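this is a predicted model, with the sequence first.
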Protein chains: 2
Amino acid sequence: MPRIPTAVRPAYDVDSLTDVAVAVFSARGYDATRMEHIARAANVSKSSLYHHVSNKEELLGHALRRAVGALTAILAEPGAREGRPRARLEYVVRRTIEAELRHLPEVSLLLQVRGNTDVERWALDERRRYQERLVELAAEAQTAGELRPGVDAALFVRLVLGMSNSLVDWYRPDGTWSTRQIADAVVDLVLPPARATRSR
Amino acid sequence: MPRIPTAVRPAYDVDSLTDVAVAVFSARGYDATRMEHIARAANVSKSSLYHHVSNKEELLGHALRRAVGALTAILAEPGAREGRPRARLEYVVRRTIEAELRHLPEVSLLLQVRGNTDVERWALDERRRYQERLVELAAEAQTAGELRPGVDAALFVRLVLGMSNSLVDWYRPDGTWSTRQIADAVVDLVLPPARATRSR
């Protein structure tokens, strides 16, 4: 067999193959994607692809771990753990929007999983845990009189995450709105002004 | 061929077959649904089903027309046409949430269409038109000093619709929250109190 110079073949690893898979999943839909589609998009043979991963579920798993990892990392950041509850809540909401915009196709996949495989069930569990942590934070802010008192904390969090998750449907990186503008708008809508809460 | 008494066979029309199709599309996903799945769920033969509709696209079309019809009808109602801009905006937001909850599976289908067929393109156009009307209304309310001034009206509407559209992902009719509670929460979050605007 003639040796093909390695220089003319793109050097793939699992991480860059995940990039390709995410793009193909987004374009075709996950269910309709077959390994050969990913191999073709990556310009490698199917056997090269199988050298790196066993199946498309594995690639989905890598993509979901990116999205989940980006979100759960936020909760460990100092801004999410120190300060008044309202400030921590604002921090988490802003960082969630940033993370979602940075990993838009991965987050889109995360929002579509229905729990058909182990990795999908893991991702759903992590999403639920993330949401629960936000509910705790919102409840804390409410107890401290730093959040609108009328709204149930669990409903509040579902609505806020619904708002930020909707980015996967309508956000286009065409420069109409920056990440900062979107985060400002969401915070402006859902959180009372920091000034007003301080005076209570 | 033995005649089966009509009394033992459910009497279907296009409307009730659409109900069945919507349920099957929701469970299986639209792409994975075949006419035989719908026939089986309706407990009719495939040829009986084809007596009523030519293909699944036609059934999707009926479902999309329900969702689009429910939304666009709102804009013609007196509450959407008469009164101060903020009151009209609140009316439309509340009625949108009501319509989405009443037609949840149809709205879910509407939010998934990508414009692959004529009826899907029509539905996308109608969604866009609906959104534009809301942007006009939000801009009007802003000009009248009845809406937060800092947020771009088009961004505001995308975020509010993102919130209400997220209902298809998380709403469960298990009694946790009523339609009224959800509408109250959304209005409370995204619109300034009516009282505060009157004083400007």
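Perfect, I can see it now.

how near is the nearest residue to A:Trp177 once chain neighbours are set aside to B:Phe25?
Of all residues not flanking A:Trp177 in the chain, B:Leu155 sits nearest, at 5.7 Å (Cβ to Cβ, 6 or more residues apart in numbering or on different chains). For glycine as for every other residue, the C-beta is placed from the backbone atoms N, C-alpha and C. Computed as Cβ to Cβ, to the nearest Å, the B:Leu155 to B:Phe25 distance reads 31 Å.

likewise A:Ser54?
Taken as Cβ to Cβ, the span from A:Ser54 to B:Phe25 is 31 Å.

repeat for A:Leu49
The value you get for A:Leu49 to B:Phe25, if Cβ to Cβ is used, is 32 Å.

and B:Leu155 and B:Phe25? Which one has more around it.
B:Phe25 (24 against 20; other Cβ atoms under 10 Å in any protein chain shown).

give the contact list for that one.
B:33, B:59-60, B:63, B:105, B:109 (Cβ atoms under 8 Å, 6 or more residues apart in numbering or on different chains).

roughly how far does it sit from B:Val92?
27 Å.

can you list the residues of chain A near chain B?
Contacts of chain A with chain B, taken as Cβ under 8 Å from any Cβ of the partner chain, map to A:29, A:31-32, A:111, A:148, A:150-152, A:155-156, A:158-159, A:161-167, A:169-170, A:177, A:181-182, A:184-186, A:188-190.

please repeat the previous calculation with a cut-off of 6 Å.
A:150-151, A:155, A:158-159, A:162-163, A:166, A:170, A:177, A:185, A:188-190 (Cβ under 6 Å from any Cβ of the partner chain).

highest neighbour count among these?
A:Met163 (28 neighbours).

now it, what are its backbone angles?
In terms of degrees, to the nearest 10, the main-chain angles of A:Met163 are phi -60, psi -50.

output the longest helix belonging to chain A.
helix A:118-143 (DSSP state H).

buried residues in that helix?
A:119-120, A:122-124, A:126-127, A:130-131, A:133-135, A:137-142 (16 or more other Cβ atoms under 10 Å in any protein chain shown).

so among the contacts of B:Phe25, which ones count as buried?
Buried among the contacts of B:Phe25 (16+ other Cβ under 10 Å): B:33, B:59-60, B:63, B:105, B:109.

for the record, mean pLDDT for the longest helix of chain A?
What helix A:118-143 shows for mean pLDDT is 96.

just stretch A:54-72 next, same as before
pLDDT averaged over stretch A:54-72 gives 97.

can you map out the helices along chain A?
Using DSSP H, helices in chain A cover A:14-28, A:35-42, A:46-52, A:56-76, A:78-81, A:85-102, A:104-112, A:118-143, A:153-165, A:167-170, A:179-190, A:194-198.

reformat those helices as JSON lines; add distance to B:Leu17.
JSON lines is the format used below for the helices of chain A (distance: least, Cβ to Cβ, whole Å):
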{"stretch": "helix A:14-28", "distance to B:Leu17": "29"}
{"stretch": "helix A:35-42", "distance to B:Leu17": "34"}
{"stretch": "helix A:46-52", "distance to B:Leu17": "42"}
{"stretch": "helix A:56-76", "distance to B:Leu17": "34"}
{"stretch": "helix A:78-81", "distance to B:Leu17": "50"}
{"stretch": "helix A:85-102", "distance to B:Leu17": "39"}
{"stretch": "helix A:104-112", "distance to B:Leu17": "27"}
{"stretch": "helix A:118-143", "distance to B:Leu17": "32"}
{"stretch": "helix A:153-165", "distance to B:Leu17": "32"}
{"stretch": "helix A:167-170", "distance to B:Leu17": "29"}
{"stretch": "helix A:179-190", "distance to B:Leu17": "41"}
{"stretch": "helix A:194-198", "distance to B:Leu17": "54"}
